[in-house]
Structure formats: structure tokens, C-alpha cells
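Trainee: with the input below, show me the fold.
(one chain, ligands or ions: 3)
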Amino acid sequence: MQQQQYRITLLPGDGIGPEIITVAVDVLKAVGQQLNLNFEFQEAPIGGAAIDKTGNPLPDETLAICRNSDAVLLAAIGGYKWDTLPSNQRPERGLLGLRAGLGLFANLRPAKILPQLINASTLKREVVEGVDIMVVRELTGGIYFGQPKGIFATETGEKRGVNTMAYTESEIDRIGRVAFETAQKRKGQLCSVDKSNVLEVSQLWRARITQLASEYPNVTLSHMYVDNCAMQLLRWPKQFDTIVTGNLFGDILSDAAAMLTGSIGMLPSASLGSSGPGVYEPVHGSAPDIAGQDKANPIAQVLSAAMMLRYGLNQPQAADKIETAVLQVLDQGYRTGDIMSEGMTLVGCRAMGDVLLKALENPQS
Ligand SMILES: NC(=O)c1ccc[n+]([C@@H]2O[C@H](COP(=O)([O-])OP(=O)(O)OC[C@H]3O[C@@H](n4cnc5c(N)ncnc54)[C@H](O)[C@@H]3O)[C@@H](O)[C@H]2O)c1
Ligand SMILES: CC(C)[C@H](C(=O)O)[C@@H](O)C(=O)O
Ligand SMILES: [Mg+2]
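Mentor: Ligands and ions are numbered 1, 2, ... in the order given. The predicted model follows:
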């Protein structure tokens, strides 16, 4: 079998980023060896680490390296050290710049409860058992990017902070199509989430998504206001299959959906554009409260690497192997602190990496 070569850019970022990405790289190398895939890793700075090094949260060189790779594996950015910077100089700008620079308008955030972790959820077993939701979040538009934005002086001398939530029809259509196609491959139920009882931008969103539905007769479309959706996610999450929503609503709802699964430390994501490399990253942040303590759960990062193999590199067998190894270590009772429950074995980030490698070497079918 001829060896497949892939150029992967690694963006460890800040906080727990370097700890968790190391685990994912080891896992990728191990699965690569088994399936004759050769990963050429190249590391670049982003976020706070890049600010410290270059003064810029997204150096041009970082973006160029990402553009020139087959896929980008990102850990997380941000932390206390940079919290007092003005918003346009913060680490988060590096992440937004990366998403915009690579045209990654579609963010897929799966929230699936694993049977092994039902006890780690704060919700009742009957509420979370069987939950399997895909949040399709628009990622390069909406209030994160709309103009005008800034802090402006008013005539009275008072300051006024402004952000603008805006979507064009074509921006809504392209994320809508990704969402309908995603729902088609799942249970065929798409819930579009907006705030069209108040916001004009949401009225346009709802109208376009409704119009698109005629092209996808095998998908059942429903609509929900975002405040109700936040409540329904906690009340009866099994009513959802695929959710499509804008940038800010998707950010908030995906963190809420994460908790259904036990911990945000479990949730991967894929950020995709219409061409070029995607960025694969955990839903969680840099967790500065536990950084450098070997306490982080690396599974969201490892599952992001699996999403990279599945969606970005078309290597589903390799992705399956990683996902199976994750299930195996959970079956064996290994838990980081965030998913710990009675009777389980508490491990740190590095030890979780070690048991994952063992599970890859010795899969128990
Ligand atoms: N994609 C990203 O890079 C990203 C995403 C979200 C937040 N952030 C940034 O991260 C920084 C911290 O933000 P925050 O505290 O609001 O969110 P966070 O997701 O970093 O942390 C929230 C809580 O979850 C815990 N947690 C997160 N990931 C974990 C993991 N893998 N294992 C165990 N516990 C985990 C943290 O310890 C913390 O208690 C901020 O600067 C924020 O802007 C970055
Ligand atoms: C860090 C921040 C810019 C980012 C976002 O808001 O998109 C994060 O919360 C996420 O969910 O990826
Ligand atoms: Mg978020």
C-alpha cells in the first residue's frame, strides 16, 4: 500500500492547548503507523502565544502555513494574561482572523452522549440517554464580524459600544445548504434557531432557510427562538437532531449542548469552508484555571483529530480507530477530573494519552 502524505499545521495556542495537542499528535502518529499515513507536522503560533512572540495574534506567516497545509489542528487560545487588552488586540482576534482568512463559514459541533458518561452528566439519565445532536454554527458572519463595530464617543461625551448583527442572503443560503445536507445524512430533522420575533436579521434568516427547504424534501424543517432552544436543550434534548444557527447563538448553544454530554472537555468541532483546509478544534477554550497542571481532558482534541481524518483527509478508517480507542479507555474506567464519577480511575492529561495509545495498540473488539 502506497504511503499517504499529509501536511498538518498544529496551532497549540495557549493555556491547556500545548498539553492536549501533544496527546492528539501522539495518537495521530500511532494511527498513521498502523494505516501507512505519514503526517508532516508544522507548528505555528496563534493567540496569546503569538502576541508574546510577534505582537500579533495571527501572524501572516501562521496564516500562510495554514493555507499551505492539508488540514489545521488547533487547540485553544486566550487566557488571563491578555484579558485586559482591547478586544481588537486580544488572542481571540487571532482565532477569528484564522476562520475568516480560511473562509471557514461552517462549524460542525456534534454533541453526542457516550453511554459510559451518562453518570458524568448533571442531568437525569432519561433526559440525556441517546442524545445525538449536531449544531451547525455559521462562523464567519453575524455579530462577530458585522460593521460598524467599535466603541464610539457620543455627542454628550458618553461612550457607546457597537456591534452589528448582519447576514446577507448568500451567507444564510450557504450555511443553510450545509445544514440541510448534514441533516440529510442524519435523522433528517433540521431545527433552525433564530430570534425572528425581535430581530430583522433573523426574519431574513428564517425566510431564506424556509425557502431552501423546498430543495430538500426529505428533511423536516422546524424553527425555534433561541431563548426557547436554550431551555429545550436542557429540558428534552432528544427532540433535536440537527440545529442550524448564526454565529453568536451557535457559540452559546454549543456550550450548553456540551454539558449534556458530561463535559465540554469531550466535544470536538470541524470548521469548514467551500475549499481549502479546514480547522479542527475542541469546542472548549484554553481553560487557564487548570493550565499546566496535567488536569485537562485531551479527548475533545483527540476527537477533533478524528474529525480531521474523517472530514478533511477522507480517512474514515483512521477516524474510526481513534473513536474506538476513546470508547475503549472510557470502558476501562479511565477518567480525567471533568468526567470523573464514582468507582472510576482518575488520570491526568498525559496518562489519558498513554492509555489511548495502549488502546490503539490493543483494540478489544
Ligand atoms: N476555540 C478557542 O480557542 C476558545 C474557545 C472558548 C474560549 N476560549 C478562550 O479561552 C479562555 C478561557 O475561557 P473560558 O474559561 O470561558 O472557557 P473554557 O472552555 O476555557 O473553560 C471553561 C471551563 O471548562 C473547563 N474546561 C475546558 N476545557 C477543558 C478540558 N479539556 N478538560 C477539563 N476541563 C476543561 C475549564 O477548566 C473551565 O472551568 C478565554 O480567553 C476564551 O476567550 C477559546
Ligand atoms: C474564543 C472565541 C472567539 C470563540 C468563539 O466565540 O467563537 C470560542 O468561544 C468558540 O466557541 O470557539
Ligand atoms: Mg465558545
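Trainee: drop to CA atoms for contacts and neighbour counts, all remaining ones
Mentor: OK.
Trainee: show me what contacts the residue in the stretch 151-300 of the chain that ligand 2 sits nearest to?
Mentor: For the stretch 151-300 of the chain and ligand 2, the shortest gap (Cα to the nearest ligand atom) falls at Asp251, measuring 5.0 Å. Residues in contact with Asp251 (Cα atoms under 8 Å, 6 or more residues apart in numbering) are Arg137.
Trainee: what helix or strand is it on?
Mentor: Asp251 belongs to helix 247-260 when elements are defined using DSSP states H and E.
Trainee: partners of the helix or strand just after that helix in the sheet?
Mentor: Helices and strands here follow DSSP H and E; after helix 247-260, the next one along the chain is strand 268-272. Sheet pairing of strand 268-272 (DSSP bridges) gives strand 106-112 (antiparallel), strand 279-282 (antiparallel).
Trainee: and the last one, how far out from the chain middle?
Mentor: On the basis of Cα atoms, centre = their mean, to the nearest Å, strand 279-282 is displaced by 5 Å from the centre of the chain it belongs to.
Trainee: which residues touch it?
Mentor: 71-76, 99, 104, 265-272, 300-301, 304-305, 307-308.
Trainee: change it to 6 Å
Mentor: Applying Cα atoms under 6 Å, 6 or more residues apart in numbering, the contact partners of strand 279-282 are 72-75, 267-271, 300-301, 304, 308.
Trainee: any idea how far the strand or helix carrying Thr182 is from the chain center?
Mentor: Using DSSP H and E, Thr182 falls within helix 169-185. Distance of helix 169-185 from its chain centroid, counting by Cα atoms, centre = their mean, is 18 Å.
Trainee: send me that helix as PDB with only the CA atoms.
Mentor: Output of helix 169-185 as PDB, limited to C-alpha atoms (Å, rounded to 0.1, in the frame of the first residue of the first chain):
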ATOM      1  CA  GLU A 169     -29.000  36.200   1.800                       C
ATOM      2  CA  SER A 170     -26.000  34.400   0.300                       C
ATOM      3  CA  GLU A 171     -24.400  33.900   3.700                       C
ATOM      4  CA  ILE A 172     -27.600  32.400   5.000                       C
ATOM      5  CA  ASP A 173     -28.000  30.200   2.000                       C
ATOM      6  CA  ARG A 174     -24.500  28.700   2.100                       C
ATOM      7  CA  ILE A 175     -24.700  27.700   5.800                       C
ATOM      8  CA  GLY A 176     -28.300  26.600   5.200                       C
ATOM      9  CA  ARG A 177     -27.200  24.200   2.500                       C
ATOM     10  CA  VAL A 178     -24.500  22.700   4.700                       C
ATOM     11  CA  ALA A 179     -27.100  22.200   7.400                       C
ATOM     12  CA  PHE A 180     -29.700  20.600   5.200                       C
ATOM     13  CA  GLU A 181     -27.100  18.300   3.700                       C
ATOM     14  CA  THR A 182     -25.900  17.400   7.200                       C
ATOM     15  CA  ALA A 183     -29.500  16.700   8.400                       C
ATOM     16  CA  GLN A 184     -30.000  14.500   5.300                       C
ATOM     17  CA  LYS A 185     -27.100  12.300   6.400                       C
END
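Trainee: re earlier: just the CA atoms of the helix holding Asp251, as CSV, please.
Mentor: Presented in CSV, the C-alpha positions along helix 247-260 are these (Å, rounded to 0.1, in the frame of the first residue of the first chain):
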residue,chain,number,x,y,z
ASN,A,247,-22.5,32.7,14.9
LEU,A,248,-23.3,34.1,18.4
PHE,A,249,-26.3,31.8,19.1
GLY,A,250,-24.3,28.8,17.9
ASP,A,251,-21.4,29.7,20.2
ILE,A,252,-23.7,29.8,23.2
LEU,A,253,-25.9,26.8,22.3
SER,A,254,-23.0,24.6,21.6
ASP,A,255,-21.5,25.1,25.1
ALA,A,256,-25.0,24.3,26.5
ALA,A,257,-25.2,21.2,24.4
ALA,A,258,-21.7,20.2,25.5
MET,A,259,-22.8,19.9,29.1
LEU,A,260,-25.4,17.3,28.1
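Trainee: show me where the protein dips below the pLDDT cut-off.
Mentor: By pLDDT under 70, the low-scoring segments of the chain are 1, 365.
Trainee: about what we covered before: ok, which of the strands paired with strand 268-272 comes nearest ligand 1?
Mentor: Minimum separation from ligand 1 across those (Cα to the nearest ligand atom) falls at strand 279-282, 6.5 Å.
Trainee: after the closest one, next one along is what?
Mentor: Strand 279-282 is succeeded, C-terminally, by helix 299-307 (DSSP H and E).
Trainee: hmm, that following helix in reach of ligand 2?
Mentor: No - if you take Cα under 6 Å from any ligand atom as the test, helix 299-307 misses ligand 2, and the best it gets is 12.7 Å.
Trainee: now for that helix, which elements pack on it?
Mentor: Packed against helix 299-307 by the contact rule (3 or more Cα pairs under 6 Å, 6 or more residues apart in numbering; DSSP states H and E) you find strand 268-272, strand 279-282.
Trainee: out of these, deepest packed?
Mentor: Among the helices and strands packed on helix 299-307, strand 279-282 has the highest mean neighbour count (mean count of other Cα atoms under 10 Å), at a mean of 29.
Trainee: got the phi and psi for the nearest residue to Lys159 once chain neighbours are set aside?
Mentor: What sits nearest to Lys159 in space, not counting adjacent residues and going by Cα to Cα, 6 or more residues apart in numbering, is Ala153, at 4.5 Å. Ala153 has phi and psi values of phi -80, psi 140 when expressed as degrees, to the nearest 10.
Trainee: and the one 3 residues further on, by the same measure?
Mentor: Summarising the backbone geometry of Thr156 under the convention degrees, to the nearest 10, its torsions are phi -80, psi 0.
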